[in-house]
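Peer 1: Fold the following and give me the result.
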Amino acid sequence: MGPERGTFVRTNHFLTPAPAAEEKSWLYQPDSGERHDFVRARLSRTEPPATLDDLAACLVTGDGEPPVTCLVTGDGEPPVTCLPDLDQPLGRRWASLAAVTLEPATRTARILDGTPADIGSRDWRTLTAG
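Peer 2: Have a look, this model is predicted:
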């Protein structure tokens, strides 16, 4: 497994076989694989974003459809931004809490207190290993 066009996409599941074998994705993140494939497909239709600002502005177009933001989904699409369903009981109200980017070459992690839909409207917290 390697990067596609210089980028790894990760949702809430392991990408390699050994750790994935013991994962309970059916319980904790049943749609993680769908979200992963969806984001990879969207990003394959445009140039990979080089910066966080590029990620916020990343737009793709479909067959005659207006441009959409790469990480924001709509009806009938896997929920890249997961909003809690308040009709569900406690423990079943899944929600996106943060968006994270990792840059191994610079040993930097950027964390956004919010969902992918909030990129561009909130500040990122930057952590760099010394």
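
Peer 1: State the mean pLDDT of whichever helix in the chain runs longest.
Peer 2: Longest helix in the chain, counting residues (DSSP state H): helix 32-44. Mean per-residue pLDDT for helix 32-44: 82.

Peer 1: Please save the CA atoms from whichever helix or strand comes after it in CSV.
Peer 2: Proceeding N to C from helix 32-44, the next assigned helix or strand is helix 52-57, under DSSP states H and E. Extracted C-alpha coordinates of helix 52-57, given in CSV (Å, rounded to 0.1, in the frame of the first residue of the first chain):
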residue,chain,number,x,y,z
LEU,A,52,-4.9,23.3,3.9
ASP,A,53,-6.2,26.3,2.1
ASP,A,54,-6.2,24.2,-1.1
LEU,A,55,-8.1,21.4,0.7
ALA,A,56,-10.8,23.9,1.8
ALA,A,57,-11.1,25.2,-1.7
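
Peer 1: chain center to the longest helix of the chain, what's the gap?
Peer 2: Helix 32-44 sits 8 Å away from the centroid of its parent chain (Cα atoms, centre = their mean, to the nearest Å).
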